[in-house]
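Student: Predicted structure and sequence below. I'll ask about it afterward.
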Amino acid sequence: MAEFFGDIERFFADLYPYRWPLTILALLVLTGVVAFAYRKGWHMLVWRNRTAVAIIGTPVLVLLIAVGWWLGSPLFTSKTVVEEFPFAVAAEVPAGMSRDAVEQVMSTMAQIDNSMIEAMPEMMESGVATKVKSGNFRDADSFHRGSGLATIYRGPDGVHLLRLDSFSVTNGPELHVMLSPHADPTRGSEVRTSGYADLGILKGNKGDQNYEIPDSVDVSVQQSVVIYCKPFSVVFSVATLEDAS
């Protein structure tokens with residue numbers, strides 16, 4: 001059933017670029033229907049039964065408005081989350097430096113692409129997070145757009161963390177952050193390939209964010225990070241992961 005609603009959502013997403021002409025057309029059709037009903041005298045029937053119409057129509061109208069806002073409000077609202085990179089929490093702060101400065105240094109080192117000719121000394125590497133996999137988000141289609149960098153890090157204590165940097169995605173209802181063994185999923189069944197992991201609800205559709213990866217998740221088999229709408233099984237954006245060199 002979720003896949004069925006997902007197909008409907010994708011259909012309307014394809015119509016999104018034509019929303020204004022379609023809105024005008026819908027208003028014209030609605031005006032025509034109202035004019036036709038008035039000429040037929042249907043408004044008098046409604047007036048004579050106004051109590052029953054109010055009892056039945058009010059909850060239906062409230063439900064339609066609530067569902068419409070739930071589905072449509074992400075088109076007009078955004079939520080930004082900015083979190084500090086966490087692997088410096090247990091770091092020792094040298095004299096003359098602030099914790100923010102240490103955080104910046106460790107964040108920068110953790111993102112080194114290993115293209116340096118001289119290897120990093122083992123004693124330094126042991127105190128810094130190691131990049132395991134990374135990939136860039138891309139659009140799922142013309143409506144569901146995403147960008148930014150997804151990186152999986154391994155901390156000095158062996159804990160894994162997913163980091164989203166300069167992240168942005170089209171907002172939607174109940175978006176989740178998923179790890180999938182499928183490298184390029186386009187449907188819910190592909191996202192939920194055996195071994196997938198749900199890291200929870202997306203904290204915000206923009207910003208720099210952290211998601212802890214449980215020890216039970218096999219990071220080695222994960223091939224993509226997916227922003228996924230659970231109610232309608234719709235993929236909003238995908239970042240195919242590649243092993244760090």
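Tutor: Received, thanks.

Student: Would you map the strands across this structure?
Tutor: 80-82, 130-139, 146-154, 160-169, 175-180, 197-201, 206-213, 224-229, 234-240, 242-243 (DSSP state E).

Student: Quick one: the ones you listed as CSV, columns for distance to L25 and mean pLDDT too.
Tutor: In this view, the C-beta of every residue, glycine as well, is placed from N, C-alpha and C. Below are the strands of the chain laid out as CSV (distance: least, CB to CB, whole Å; pLDDT from 0 to 100):
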stretch, distance to L25, mean pLDDT
strand 80-82, 35, 70
strand 130-139, 27, 94
strand 146-154, 30, 93
strand 160-169, 30, 91
strand 175-180, 30, 95
strand 197-201, 36, 95
strand 206-213, 33, 90
strand 224-229, 27, 93
strand 234-240, 25, 92
strand 242-243, 46, 92
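
Student: got JSON lines for those, with mean neighbour count and distance to G32 too?
Tutor: Below are those laid out as JSON lines (neighbours: other CB atoms under 10 Å; distance: least, CB to CB, whole Å):
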{"stretch": "strand 80-82", "mean neighbour count": "12", "distance to G32": "43"}
{"stretch": "strand 130-139", "mean neighbour count": "19", "distance to G32": "37"}
{"stretch": "strand 146-154", "mean neighbour count": "21", "distance to G32": "40"}
{"stretch": "strand 160-169", "mean neighbour count": "21", "distance to G32": "39"}
{"stretch": "strand 175-180", "mean neighbour count": "23", "distance to G32": "38"}
{"stretch": "strand 197-201", "mean neighbour count": "15", "distance to G32": "43"}
{"stretch": "strand 206-213", "mean neighbour count": "18", "distance to G32": "41"}
{"stretch": "strand 224-229", "mean neighbour count": "26", "distance to G32": "35"}
{"stretch": "strand 234-240", "mean neighbour count": "25", "distance to G32": "33"}
{"stretch": "strand 242-243", "mean neighbour count": "11", "distance to G32": "56"}
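
Student: For beta bridges, what are the partners of H160?
Tutor: Listed by DSSP bridges, the beta-bridge partners for H160 are R154, I213.

Student: Does it touch V219 like I think?
Tutor: Yes: under the criterion of CB atoms under 8 Å, H160 makes contact with V219 at 5.4 Å.

Student: what's the overlap in contacts for those two?
Tutor: 132, 152, 154, 213 (CB atoms under 8 Å, 6 or more residues apart in numbering).

Student: contacting residues for the second one?
Tutor: In other words, I152. Neighbouring residues of I152 by CB under 8 Å, 6+ apart: 131-134, 160-163, 213, 219, 222, 241.

Student: Same check on the third one?
Tutor: When contacts are counted by CB under 8 Å, 6+ apart, R154 is found next to 129-130, 132, 160, 219.

Student: measure it to L175 for me?
Tutor: Computed as CB to CB, to the nearest Å, the R154 to L175 distance reads 26 Å.

Student: Could you do the first one as well?
Tutor: Noted for V132: a distance of 24 Å to L175, by CB to CB.
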